[in-house]
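Asks: my questions concern the predicted model and sequence given below.
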Amino acid sequence: MCTKIPLRQKSIVLIGFMGVGKTSIGKAVAAKLYRDFIDADQVIEEAFGMDTTEIFQTYGEQVFRKKEKEIIHELCKQKLKIISLGGGAFLQEEIRNICLQKCIVFYLDLSWDSWKDRISLLIDSRPVLQGKSLTEIKQLFLERKAIYQTHHSTVQTDALMIEEVAEYIVEALKTAWDIYEPQAK
């Protein structure tokens, strides 16, 4: 039996390029909405008992992506969660489809120039960036940006602090809930 999840109970999924702030913003949104926060990459790391870089080195990206798909599929069935996806998760069509069907997907958009300022903080902990030139990383950034265009709502994060982005998401959700699923008064 497949029951439809009411809009107000759907989990919220945050997507965007690595280092855009999905985890920090997700935790802030979760606190504001009194929901649990789940970092999909952290769940994957716990399943393997090692960090993402080690998983890539030991088992390869294909094994990581397979486990990622399984875990995200299960997470999307849950209600009332805030879920942060890894930067590459949305590349898988099955993940995109389940997220869009079962959850509300927010794309955290950051310009290349703003993201580039963060690269020194990210390069060592992101296996898909290692060994790549700035030109190659920019190409990856632009390729993924095209994939992220399938979502329910976009938040341009360039000039905003974590709390500002979180507040924007919460207000957007409350507006949508009131429009599409008003509560009886």
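Replies: Alright, I've got the coordinates.

Asks: just to be sure, I83 is in a helix?
Replies: No: checked against DSSP: H, G, I helix; E, B strand; the rest coil, I83 lies outside a helix; its state is strand.

Asks: surely it is in contact with D36?
Replies: No: between I83 and D36 no contact is recorded; they are 9.4 Å apart, counting by C-beta atoms under 8 Å. Yep, even glycine has a C-beta here, placed from its N, CA and C like the rest.

Asks: for these two, indicate the residue with more neighbours.
Replies: Neighbours of I83 and D36, each counted by other C-beta atoms under 10 Å, are more numerous for I83; the result is 27 against 12.

Asks: name the next helix or strand downstream of the lowest-mean-pLDDT helix or strand in the chain, please.
Replies: Ranking every helix and strand in the chain by mean pLDDT, DSSP states H and E puts helix 119-122 at the bottom, with a mean of 70. Scanning the chain past helix 119-122 towards its C-terminal end, the next helix or strand to appear is helix 134-147 (assignment: DSSP states H and E).

Asks: partner strands of whichever helix or strand comes after that next one, with direction?
Replies: Toward the C-terminal end, the helix or strand that comes next after helix 134-147 (DSSP H and E) is strand 153-156. Taking DSSP bridges as the criterion, strand 153-156 forms sheet pairs with strand 104-109 (parallel).
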